[in-house]
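Engineer: Prediction below, plus the sequence it came from.
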Amino acid sequence: MAKLARDVMTNNVIMIAVGSSLAAAQSLMKEHGIRHLPVVDQEQRIVGILSNSDLSFFKDSKMYPVEDFMSQPVQTMNQSASLMDAVDTMVEKKIGSVLVVNDDEELVGIVTTEDLIQVLGQALRKDSHKRPLSTLFDIESLDEIAYKIAQTGI
């Protein structure tokens, strides 16, 4: 059985509110060791996302609000979507994360390239058991996984 987004996503996603400064975003990302930070409105709806690369150009970031530099629209997927859907979306859009939502479109997790590399590492460690990669990703070969990862620019 193929893995689903909910099987590998990071739960308890750290978020930042619209109107917050880029300095606050940088501080949150550093404090929690994260590279992707969803931006939400007052109703906790996803309105954008910041990545560490969005913030890398700013030395005096106190004066800029997050909404001026967040990426939008945000790529989301349902928690019941296949992990391969996450891989395909990230490769196609050349992004490092996909936000995971429930049926009510509420943010419940995030799948990042780091999560996908961990799954790949687990698959490679289990290779001695000759478990087919298709049971994890709905694909046929390690070559196909390597190709997908290479397309993301990692």
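Structural biologist: Yes, it's here. Computed from a prediction, not measured in an experiment: that's the story for all the values here. Residues are numbered from 1 along each chain as shown.
Engineer: so which strand or helix has Asp115?
Structural biologist: Here Asp115, judged by DSSP states H and E, is contained in helix 113-125.
Engineer: Next, the buried residues of that helix.
Structural biologist: Thr113, Asp115, Leu116, Val119, Leu120, Ala123 (16 or more other CB atoms under 10 Å). To be clear about C-beta, it is placed using only N, CA and C from the backbone, and glycine gets the same treatment.
Engineer: who touches the nearest residue to the second one once chain neighbours are set aside in this structure?
Structural biologist: In other words, Asp115. In space, and not counting its chain neighbours, Asp115 is closest to Val8: 5.0 Å by CB to CB, 6 or more residues apart in numbering. By CB atoms under 8 Å, 6 or more residues apart in numbering, the residues touching Val8 are Leu83, Val111, Asp115, Leu116, Gln118, Val119.
Engineer: can you give me the strands for the protein?
Structural biologist: Here the chain has its strands, by DSSP state E, at 16-17, 36-40, 46-51, 76-78, 97-101, 107-112.
Engineer: All set now, cheers.
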